[in-house]
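K.L.:
Okay, here's the prediction I keep looking at, along with the sequence it came from:
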Amino acid sequence: MNYIDTALRVPFALASTLRRARVFHAHGVMARGHAELGSHWWPVQGRVPVTVRLSRGIGLPGAIPDVLGLSVRLHLAAGPWDLLLASTDPVTRFLPCPALGWSTAQYSSLNAFRTPDNDSPTWVLATPEAGQPRTASLSALSTADPLHFTLSLAHSRTDTTPAGRLSLETPLSVDDEDHPDFDPVLHRPEGLEMWPQWVADARRAAYSGSRAGRHSVEA
């Protein structure tokens, strides 16, 4: 166990045990749908089924602004790919930031990715299309129309390219016990590396600790 594991895994396990839930994004709403991937950067192109979880990061009550989460599991033939996006500051794009509502949140992967064919780090962005709730409450999602997001790829703060579209059906479940564990470190295509490496190490330790804490409560 390295320094990052020691510094993060144990505290996250303890916090998850005490909270009896995920440390962050403890409560959310699940939905199913599909993604239309239109860039050759993706490991596959075309229509891909997805499972998605929309959540509030800190878990502040009601419609109080919070860091909003958009977790996407792409069901690829080679195995699942978990993309974890969060509402970010519109200027930097890469720092978590509370959003006033689901309709105004601008989502980004907090880490970048590198492929074997391209050493340039690439972030995945998602922008909500019209029709999403104006508040940031989870209850507003339970009665919302099907949700749609425009997908983009960013190679810097200003350089973005269109990459597809994410379409969700009406949310299916608000029971957090039924929600799968999304893990962007364990569930990703072979050869796709998270960047920078210390972010991947930190997330691996944090997710491992959080899972261990929740499972100890369930046992």
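P.N.:
Nice, I can see it. Residues are numbered from 1 along each chain as shown.

K.L.:
Output the below-cut-off pLDDT ranges for this protein.
P.N.:
The chain contains residues with pLDDT under 70 at 1-25, 172-179, 199, 201-219.

K.L.:
all helices for it, in order.
P.N.:
For the chain, the helices defined by DSSP state H cover 3-4, 10-19, 197-218.

K.L.:
Just to check, residue 63 is in contact with residue 134?
P.N.:
No. Using CB atoms under 8 Å, residue 63 is not in contact with residue 134, being 9.1 Å away. For glycine as for every other residue, the C-beta is placed from the backbone atoms N, C-alpha and C.

K.L.:
Looking at the two, which has the bigger crowd around it?
P.N.:
Neighbour count, other CB atoms under 10 Å: between residue 63 and residue 134, residue 63 has more, with 17 against 11.

K.L.:
Contacts only, for the more buried one.
P.N.:
For residue 63, the contact set (CB atoms under 8 Å, 6 or more residues apart in numbering) comprises 101, 135-137, 140.

K.L.:
Which residues are in contact with the residue nearest in space to the middle of the chain?
P.N.:
Nearest residue to the geometric centre of the chain (CA atoms, centre = their mean): residue 84, 2.0 Å. By CB under 8 Å, 6+ apart, the residues touching residue 84 are 69-72, 109-110, 182, 184.

K.L.:
List the residues that are in contact with both of residue 63 and residue 134.
P.N.:
residue 101.

K.L.:
which residues touch the residue nearest to residue 33 when sequence neighbours are not counted?
P.N.:
Distance criterion CB to CB, 6 or more residues apart in numbering; nearest residue to residue 33, sequence neighbours excluded, is residue 168 at 3.9 Å. By CB under 8 Å, 6+ apart, the residues touching residue 168 are 31-33, 50, 52, 146-148.

K.L.:
Repeat that for residue 35.
P.N.:
Neighbouring residues of residue 35 by CB under 8 Å, 6+ apart: 47-48, 50, 72, 74, 151, 164-167.

K.L.:
What segments of the protein are strands?
P.N.:
Taking DSSP state E as the criterion, the chain carries its strands at 27-37, 46-56, 68-76, 79-87, 107-109, 112-115, 118-128, 148-154, 160-168, 193-195.
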